[in-house]
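**Student:** Need a 3D model of the sequence below.
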Amino acid sequence: MWRNVAVLVLVTAAGVLADEHSHMYEDQEQVVLWMNTVGPYHNRQETYRFFSLPFCHGPKASIDHYHETLGESLQGIELEFSGLDIKFGVDKPHEKYCEIELNSDETEKALEYSVKNHYWYQMFIDDLPIWGIVGDVQKGADGQDEYYIWTHKKLEFGSNGKQIVDVNLTSEAKVKLSRGAKIVFTYQVIWKKSSIQFARRFEKYLDPNFFQHRIHWFSIFNSFMMVIFLIGLVSMILMRTLRKDYARYRRDEEIDDMDRDLGDEYGWKQIHGDVFRSPAYPMAFASMIGAGAQLSLVCLCVILMAIIDDLYTGRGSIMNVAILVYAATSPVNGYFGGSMYHKFGGKEWIKQMLISAALLPSLICGMSFMINFVAIYYHASRAIPFTSMLAVFTICLFVILPLTLSGTVLGRSVSGRASYPCRVNTVPRPIPEKKWFMEPLAIALFGGVLPFGSIFIEMYFIFTSFWAYKIYYVYGFMLLVFVILVLVTICVTIVCSYFLLNAEDYRWQWTSFLAAGSTALYVYFYSFYYFFFKTKMYGFFQTSFYFGNMLVFSIAFGIMTGTIGYMGTNFFVHKIYSTVKID
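**Tutor:** Down below sits the predicted model:
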């Protein structure tokens, strides 16, 4: 359902691809085998066109493939027709489809390099992915490495009625790579009846032993218990402490002015005239809050859509849905950012709206642009085509920007009026000195520890699904972790902000944002651990791609968690100052 929303171009070449989209075939109807990409097994994102290696096509006439969706293009999917003659329900015996000759050093070295680096390739049949390995390395009689290439593809199909429900590839017939050798490629097709239902055909690609391991369940339970503990602890501490504060402030109201002057007044009530003062850099702050509110909603919507519909079954489906939802929720960005900036008394609202609308797209596009140079240099399929860049720019200019503008205008009109429980003093109150651990920077650094602790196990599963050969499908787990993250983040930032206010420091807006946003710092540090200890990635391309994308992910994650922390703290601050009588 959702994966078809963002379809840009439907391919109709030769009348074949209509069956590929409907997944219904008549007997002896053509079944297309698409060759996608090839690349090192340990570097999943370092992929190249399959025919960039000196492989050969089958005898069938070529069929052009266009990127059906923007998500396919951005994820480096490059489908090329294999040329193999495969007909629905028709077995094909062992048959030659092409031949190559290693008559040059370049051809031989290219294949040897691919075998040495454990190159794997990916194919698609009726949207079902298939993986195969290029070759194998063996020790020769002299102890030197000898390189072999698999030359026979044995394709076994399972059909249920008029639909393909299963496909398996077996690579056979190793041939040694040597100068002047003629390598003959062959294939074989076997059709069998299968009882697998079409709706369940992707289940063979899932790994329940990995994603539903007891450690995963234990991490969810552990995080849930942390939430209960934190909520109880925060409630107990704040209720007991605030009750004492209210009692002390009521006693202070009963004494005369002379006694009050001689008394030892302290705490968060003393800064009531400054607590709602606009933060430093109000334009940047409002823009980040707007972008974070939109990003939070996008994450929630994408997770819910992934639970409702199996987005992992379609090529680029999650990317398509994320782009669609992000564009559609742009008014949320403008509403929160524009109304907040108006409350802060900002005058340059158009500039703020432009910054808010461009914040995340420019961050993602800027990093992608730099990585794209590396991909182009390596001739990798991850190089984003110019037409895809133009499509993204068009969406930003003609969809995201106008919707953000409409949200900004609405936010300024509906909730842009400042309604604080306390008046803001004209002259700022001096901030007293305090211990180093009560400084905003220290609070911000410590604030992200517990939120990160509640999600780091789930981060491992998400990283493994993106950077390794796993398909993430347990979006129910992800929804629970997201809710836990929100609750833990709000609890922690409320405690951090309360301690800051009690130290008579009214700079709580940025502190609450950074205390929650610092979770992203620990996520980025964890990505270093994952890279060096959990993967076998190597090479400049994969390294730059990994850390560049993880940097963008961490910054976006920090903006989202920072916004969640600020919103929870903002509600808390308004609540405690509205219940205290202030002269």
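**Student:** Surely Lys470 forms part of a helix?
**Tutor:** No - the assignment for Lys470 (DSSP: H, G, I helix; E, B strand; the rest coil) gives coil, which keeps it out of a helix.
**Student:** contacting residues for it?
**Tutor:** 207, 210-211, 461, 464 (C-beta atoms under 8 Å, 6 or more residues apart in numbering). Every C-beta, even on glycine, is put in place using the N, C-alpha and C of the backbone.
**Student:** among those residues, who's most crowded?
**Tutor:** Phe461 (21 neighbours; other C-beta atoms under 10 Å).
**Student:** which residues are in contact with whatever helix or strand it lives in?
**Tutor:** Using DSSP states H and E, Phe461 falls within helix 449-467. Residues outside helix 449-467 that contact it (C-beta under 8 Å, 6+ apart): 44-45, 210-211, 215-216, 219, 223, 226-227, 230, 470-472, 474, 477-478, 481, 484-485, 488-489, 492, 516, 519, 522-523, 526-527, 530, 534-535, 537, 546, 561.
**Student:** quick one: low-confidence ranges for the protein?
**Tutor:** 1-19, 64-68, 213, 237, 241-242, 245-246, 248-266, 581-583 (pLDDT under 70).
**Student:** can you point me to the longest strand in it?
**Tutor:** The residue-count maximum for a strand in the chain (DSSP state E) belongs to strand 145-160.
**Student:** Output it as CSV - backbone C-alpha positions only.
**Tutor:** Coordinates of each C-alpha in strand 145-160 appear next as CSV, following Å, rounded to 0.1, in the frame of the first residue of the first chain:
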residue,chain,number,x,y,z
ASP,A,145,46.4,-18.5,-3.5
GLU,A,146,44.5,-19.6,-6.5
TYR,A,147,41.4,-17.8,-7.6
TYR,A,148,38.3,-19.6,-8.9
ILE,A,149,35.0,-18.2,-10.3
TRP,A,150,31.6,-19.8,-10.2
THR,A,151,30.2,-20.3,-13.7
HIS,A,152,26.9,-22.1,-13.2
LYS,A,153,23.7,-20.6,-11.8
LYS,A,154,21.1,-23.1,-10.7
LEU,A,155,17.8,-21.3,-10.2
GLU,A,156,15.0,-23.1,-8.3
PHE,A,157,11.6,-21.5,-8.3
GLY,A,158,8.6,-22.2,-6.1
SER,A,159,5.2,-21.3,-7.5
ASN,A,160,1.8,-21.1,-5.9
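**Student:** other SSEs contacting it?
**Tutor:** For strand 145-160, the packing partners by 3 or more C-beta pairs under 8 Å, 6 or more residues apart in numbering; DSSP states H and E come out as helix 105-116, strand 128-133, strand 135-139, strand 163-176, strand 182-193.
**Student:** between the last one and strand 163-176, how big is the angle?
**Tutor:** Angle between the axes of strand 182-193 and strand 163-176 is 150 degrees (criterion: axes from the mean of the first three to the mean of the last three C-alpha atoms, to 10 degrees).
**Student:** Adjacent strands (with direction) for strand 182-193?
**Tutor:** Strand pairing for strand 182-193, determined by DSSP bridges: strand 92-101 (antiparallel), strand 145-160 (parallel).
**Student:** So what touches stretch 333-351?
**Tutor:** Taking C-beta under 8 Å, 6+ apart as the rule, stretch 333-351 contacts 278-279, 282-283, 285-287, 289-291, 293-294, 352-353, 356-357, 403-412, 414-418.
**Student:** So which of the residues you listed are in helices?
**Tutor:** Counted as lying in helices by DSSP state H, out of those, are 282-283, 285-287, 289-291, 293-294, 352-353, 356-357, 403-412, 414-415.
**Student:** residue contacts, the closest residue to Glu101 other than its chain neighbours?
**Tutor:** For Glu101, ignoring the flanking residues on the chain, the nearest one in space by C-beta to C-beta, 6 or more residues apart in numbering is Lys182 at 5.0 Å. Contact analysis of Lys182 by C-beta under 8 Å, 6+ apart lists 99-102.
**Student:** next one: Ser578
**Tutor:** Here Ser578 is in contact with Pro421 (C-beta under 8 Å, 6+ apart).
**Student:** Can you tell me how far it is from Ser415?
**Tutor:** Separation of Ser578 from Ser415 (C-beta to C-beta, to the nearest Å) stands at 17 Å.
**Student:** do the same with Met560
**Tutor:** 21 Å.
**Student:** Same question for Asn502.
**Tutor:** Applying C-beta to C-beta to Asn502 and Ser415 gives a distance of 29 Å.
**Student:** With Cys98 instead?
**Tutor:** Counting by C-beta to C-beta - Cys98 and Ser415 are separated by 66 Å.
**Student:** same thing with Thr489?
**Tutor:** Thr489 is 23 Å from Ser415, by C-beta to C-beta.
**Student:** higher neighbour count, those two?
**Tutor:** When Thr489 is set against Ser415 and neighbours are counted by other C-beta under 10 Å, the residue ahead is Thr489, at 32 against 16.
**Student:** Run through the residues that contact that one.
**Tutor:** 451, 516, 519, 561, 564-565, 568.
**Student:** Name the SS class of it, please.
**Tutor:** helix.
**Student:** and the gap between it and Ile471?
**Tutor:** When Thr489 is compared with Ile471 (using C-beta to C-beta), they lie 28 Å apart.
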